[in-house]
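Student: Turn this into a model:
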Amino acid sequence: MEKILSQEKLREWVDTLDDCEVHAPAFADSVWNYARVDAGADIDLSHSNTIRSVKEFAFPQREVFFRFETKDGVPLLTSTLPNPKPTVVFGVRPCDGRGMPRNDTVFSKEFEDPYYWARREKLTLVGLACNEPHSPNCFCQSVGGSPHSEEGLDILMTDLGDRFHVKGITAKGVEIMERGRNTFDEVHDGDLAEVEKVHDASRSHPQRPIGDLDAIPEAIRSHFDSPLWDEMAQHCIGCGICTFLCPTCHCFDINDEVAGPNADKGERVRTWDNCQFPDFTMHTSGHNPRGDLGSRLRQRVSHKFLYFVENHETQQCTGCGRCISECPVGIDIVAVLERVDQA
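Tutor: Sure thing, here's the model as predicted:
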């Protein structure tokens with residue numbers, strides 16, 4: 001399904017989604033991030049990529065699995081399985097869209113995570129193609145993507161200046177387009193030619209190369225014990241920004257948080273965790289198999305470009321570049337791959 005939407009009718013389309021929770025990029029505190037769209041509020045899709053990825057709509061940073069308490073010596077459990085409203089997120093860049101099928105695989109391949117899927121199944125992603133790179137650190141094409149990739153998205157919008165080309169990709173995407181049918185115009189051959197021209201131009205922008213993508217897993221494997229990892233990680237401060245902002249990092253911890261003087265009530269909570277934290281692999285014995293910065297950097301890179309490839313037949317990185325742009329000490333995953341590949 002393909003339609004044309006004039007810029008001034010975007011709000012009118014959003015208004016047809018009155019039973020949904022709608023989010024879109026908003027600029028605040030010097031960054032773009034997703035924010036809930038209030039009734040009547042304008043939507044600005046002139047954004048660069050958001051600072052945080054779209055993954056948290058299905059996999060929040062903190063969630064309660066269940067609550068527990070003891071009454072008269074009897075343990076009681078209260079489930080907190082989420083039942084959210086349908087959620088529509090506008091302005092999702094293709095690199096973030098490509099992250100969602102990778103997360104879907106993680107949360108379903110061997111065990112279907114009911115908390116993740118309760119949100120995911122009610123989530124519709126309205127993508128926005130990139131007409132030009134939004135950062136010098138974008139490298140989506142180097143990892144098999146493109147500035148107008150449809151992977152993981154339900155709708156892809158392309159900005160044509162005074163109007164958008166809107167393409168429904170999945171049944172969920174077509175359904176919300178049908179709800180706004182009166183806001184759309186028909187597509188003509190001239191519109192399609194312009195879409196192709198915009199997409200061709202977006203692909204022509206130079207991006208940072210990472211060499212032979214198929215050869216990288218073996219390069220990482222063959223340099224597992226290389227001193228390069230320690231050298232490249234010596235400035236790391238273990239803050240975890242690289243993984244918390246990543247659209248595909250998914251490690252988590254589960255803890256029981258208790259309350260009350262006798263710890264007779266509390267919650268079982270899942271929170272994001274991070275392979276760059278020193279206690280991430282700490283054993284109860286006190287031994288830590290990745291106790292230094294170099295081994296933790298090696299783990300992050302290996303997970304994305306070696307282990308994920310072995311387990312799921314695709315690399316985990318989508319080339320958004322957040323981990324490079326936001327690293328406070330300038331660690332650059334593309335430069336790391338280049339060093340390992342050329343060693």
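
Student: Any stretches of the chain with poor pLDDT?
Tutor: 40, 260 (pLDDT under 70).

Student: measure the residue of it positioned farthest from its centre to Asp264 for me?
Tutor: Residue farthest from the centre of the chain, counting by C-alpha atoms, centre = their mean, is Asp72 at 45.1 Å. Asp72 is 11 Å from Asp264, where distance means C-beta to C-beta, to the nearest Å. Backbone N, C-alpha and C define where each C-beta goes, glycine included.

Student: and if you look at Thr78?
Tutor: 14 Å.

Student: How about Asp292?
Tutor: Applying C-beta to C-beta, the value for Asp292 to Asp264 is 41 Å.

Student: Pull out the buried positions in stretch 289-309.
Tutor: Neighbour-count burial for stretch 289-309 flags 290, 293-309 (criterion: 16 or more other C-beta atoms under 10 Å).

Student: ditto for stretch 72-87
Tutor: Applying 16+ other C-beta under 10 Å to stretch 72-87 flags Pro86, Thr87 as buried.

Student: Run through who's touching that stretch.
Tutor: Here stretch 72-87 makes contact (C-beta atoms under 8 Å, 6 or more residues apart in numbering) with 19-23, 57, 63-70, 114-115, 118-119, 122-124.

Student: are any of those residues buried, and which?
Tutor: 20-23, 57, 63-65, 67-69, 115, 119, 122-124.

Student: Longest strand in the chain, please.
Tutor: The strand spanning the most residues in the chain, taking DSSP state E as the definition, is strand 62-71.

Student: Quickly run through the sheet partners of that strand, with directions.
Tutor: Taking DSSP bridges as the criterion, strand 62-71 pairs within the sheet with strand 74-79 (antiparallel), strand 265-272 (antiparallel).

Student: For the most centrally placed residue in the chain, which non-adjacent residue is closest in space?
Tutor: Taking C-alpha atoms, centre = their mean, the centroid of the chain lies closest to Pro247, which sits 2.4 Å from it. Excluding the flanking residues, the one nearest Pro247 by C-beta to C-beta, 6 or more residues apart in numbering is Gly99, at 3.2 Å.

Student: tell me the contacts of the one you found?
Tutor: Gly99 touches Ser53, Val54, Lys55, Gly152, Cys246, Pro247, Thr248, Thr318, Cys320, counting by C-beta under 8 Å, 6+ apart.

Student: at 6 Å instead, please
Tutor: Counting by C-beta atoms under 6 Å, 6 or more residues apart in numbering, Gly99 touches Pro247, Thr248, Thr318.

Student: thinking again about what came up before, of the strands paired with strand 62-71, give the one that comes closest to Val336.
Tutor: strand 265-272 (22.4 Å; C-beta to C-beta).

Student: roughly how far out does the longest helix along the chain sit from the chain middle?
Tutor: Secondary structure of the chain read by DSSP state H shows that its longest helix is helix 189-204. For helix 189-204, the separation from the chain centroid amounts to 26 Å (computed by C-alpha atoms, centre = their mean, to the nearest Å).

Student: Buried residues, it. List them.
Tutor: Asp191, Glu194, Val195, Val198, His199, Ser202.

Student: Next SSE downstream of it?
Tutor: Counting by DSSP states H and E, the next helix or strand C-terminal to helix 189-204 is helix 216-222.

Student: what's whichever helix or strand comes after that next one in contact with?
Tutor: Next helix or strand after helix 216-222 toward the C-terminus (DSSP H and E): helix 228-232. Here helix 228-232 makes contact (C-beta under 6 Å, 6+ apart) with Gly294, Leu297, Arg298, Val336, Arg339, Ala343.

Student: Mark which of those are part of helices, please.
Tutor: Those of the contacts of helix 228-232 lying in helices (DSSP H): Gly294, Leu297, Arg298, Val336, Arg339.

Student: Nearest to Val143, out of these: which one, please.
Tutor: Val336 (14.0 Å).

Student: Quickly find the element holding Gly97.
Tutor: helix 94-106.

Student: residues in contact with Pro147?
Tutor: Ala129, Cys130, Ser202 are the contacts of Pro147 under C-beta under 6 Å, 6+ apart.

Student: So which of these is the closest to Gln234?
Tutor: Nearest to Gln234 among these, with distances taken as C-beta to C-beta, is Cys130, at 33.8 Å.

Student: Distance of the residue lying closest to the closest one once chain neighbours are set aside relative to Leu125?
Tutor: Nearest in space to Cys130, with sequence neighbours left out and distances taken as C-beta to C-beta, 6+ apart, is Pro147 at 3.9 Å. The gap separating Pro147 from Leu125 is 16 Å, by C-beta to C-beta.

Student: Just the helices from this protein, written as ranges.
Tutor: 10-15, 94-106, 114-120, 171-179, 189-204, 216-222, 228-232, 241-244, 293-302, 308-312, 322-325, 333-342.
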